[in-house]
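In: Could you look at this predicted model? Sequence included:
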Amino acid sequence: MSTKKKRSKFYTIYFSVIIIFFIALIVGAILLFGWLRSYEQSQPTTLVNSLISEYVKPGKYDKLKKDYEIELPEYETEEHFYSLLHDNIDNKTLTISHSSLKPEGIDDAYIIKADDVKVLNIFLKKHKIGKGYDVDSIEVSKNLLKTIVINVYKNTDVTINGQEITDDLRVDGKLPELPKVDAKTLTPPQTITLEGMFSETQDIIATDNGKNVTVTASGCTYNVAQTINKAVAKNVQDTAQNAAVAYAAFMQSDGSIGELAKYTDTSTTFYKHVAATLIQFVKPHDGYRNDDMKVDSPMKYSDSLYSCRVSFKHILKRGTETYSENFDKVVYVLKNGESYKVIDMQNPQTNG
């Protein structure tokens with residue numbers, strides 16, 4: 001064989017080996033890249049960041065709820081859910097952090113933050129076969145959730161966001177301990193507590209025998225007005241206010257016990273205790289007035305027992321100086337025929 005043919009065969013084998021090497025190198029690089037890409041995608045942080053880029057950052061909260069079957073509280077609405085996320089996420093810097101708090105059966109957990117506010121908890125489970133994670137569930141962070149309290153009465157029906165609240169959520173309140181009253185004859189107020197709600201602004205409708213009843217909101221607390229005869233309610237509130245004013249005046253030596261007796265059942269422990277009180281430590285003054293008078297929250301416990309809340313500022317005057325005392329009591333009134341008499345006054349925090 002000639003030298004030329006030997007060289008040709010050598011270079012053919014040489015370049016074939018080089019080509020095979022580069023092919024193997026390229027295939028290896030592709031396989032490595034695919035493995036690295038698969039490994040990266042299998043990491044929980046990558047999965048959570050993909051949620052942010054695909055759903056959270058562009059504000060696709062409806063798609064997020066649908067794709068990941070996010071459960072809402074029983075009485076909440078989708079609109080409140082979307083509004084909560086919009087209010088806390090839009091135009092904020094989104095970051096993630098690892099969470100050590102995870103339910104049983106969950107392999108990993110992360111928190112999505114908007115600026116410094118925790119907004120979503122992401123719970124992950126490992127693949128049953130192979131590496132990687134799947135999103136098991138998503139929930140709103142507890143720091144954003146509200147507890148709604150509804151103060152209501154036994155014969156009043158209540159719906160929230162179009163759903164009637166079931167009887168098992170209605171809890172009887174504590175009845176006041178009062179003189180001359182058998183607690184067994186009283187109907188206690190009730191409280192409904194709904195935890196884990198998305199908004200403090202809820203659509204609450206109350207009815208009594210089919211007629212709408214006024215519902216007032218104070219933050220997350222909703223008070224359902226009780227159906228009370230207007231004339232009776234006025235007599236109860238007038239009696240309570242007159243007794244409260246007379247009580248405040250007597251305790252500063254500005255009124256007589258006889259004035260208080262006009263509006264009070266004098267056989268009660270409350271009246272006897274006040275009458276026996278030795279008035280001391282009266283701040284010197286030459287006049288007084290009552291400001292910011294409020295008489296509200298009338299309540300009916302039975303056909304004979306009622307209460308309301310009386311609050312005002314009892315202001316003592318001495319020359320150009322003034323000294324203010326805050327009066328705030330739940331006043332209990334007993335109705336006997338056409339007669340109304342106060343039987344007790346209690347601090348609001350001890351009431352019901």
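Out: All right, it came through fine. Small disclaimer: the values here were computed from a predicted structure and weren't measured.

In: show me what contacts residue 124?
Out: With contacts defined as CB atoms under 8 Å, 6 or more residues apart in numbering, residue 124 is in contact with 44, 47-48, 106-110, 133-136. Every residue, glycine included, has its C-beta placed from N, CA and C.

In: Wasn't it part of a strand?
Out: Yes - with the criterion set as DSSP: H, G, I helix; E, B strand; the rest coil, the secondary structure at residue 124 is a strand.

In: Spatially central residue for the protein, please.
Out: Residue closest to the mean C-alpha point of the chain, counted by CA atoms, centre = their mean, is residue 147 at 2.2 Å.

In: Read off the pLDDT value for it.
Out: Reading off the confidence values, residue 147 has pLDDT 97.

In: My read is that it contacts residue 198, right?
Out: No - under the contact definition of CB atoms under 8 Å, residue 147 does not touch residue 198, with a separation of 11.6 Å.

In: picking up where we left off before, which one of the contacts of residue 124 sits closest to residue 172?
Out: For residue 172, the nearest member of those is residue 106. The distance, counting by CB to CB, is 38.0 Å.

In: isn't that closest one right next to residue 136, touching?
Out: Yes - using CB under 8 Å, residue 106 makes contact with residue 136 at a distance of 6.1 Å.

In: buried ones in the helix or strand hosting residue 298?
Out: In the assignment (DSSP states H and E), residue 298 maps to strand 287-300. Residues of strand 287-300 classed as buried by neighbour count (16 or more other CB atoms under 10 Å): 288, 295, 297-300.

In: For it, which strands pair with it and how are they oriented?
Out: Listed by DSSP bridges, the sheet partners of strand 287-300 and their directions read strand 305-318 (antiparallel).

In: Please identify the buried residues of the strand it pairs with?
Out: By neighbour count with 16+ other CB under 10 Å, strand 305-318 contains the buried residues 305-316.

In: got it, and stretch 186-204?
Out: 186-192, 194, 196-199, 202, 204.

In: where's that stretch relative to the chain centroid, distance-wise?
Out: For stretch 186-204, the separation from the chain centroid amounts to 9 Å (computed by CA atoms, centre = their mean, to the nearest Å).

In: for the stretch 1-150 of the chain, what spans make up the helices?
Out: Taking DSSP state H, counting those that start in this stretch as the test, the helices found in the stretch 1-150 of the chain are 3-42, 44-51, 61-67, 78-89.
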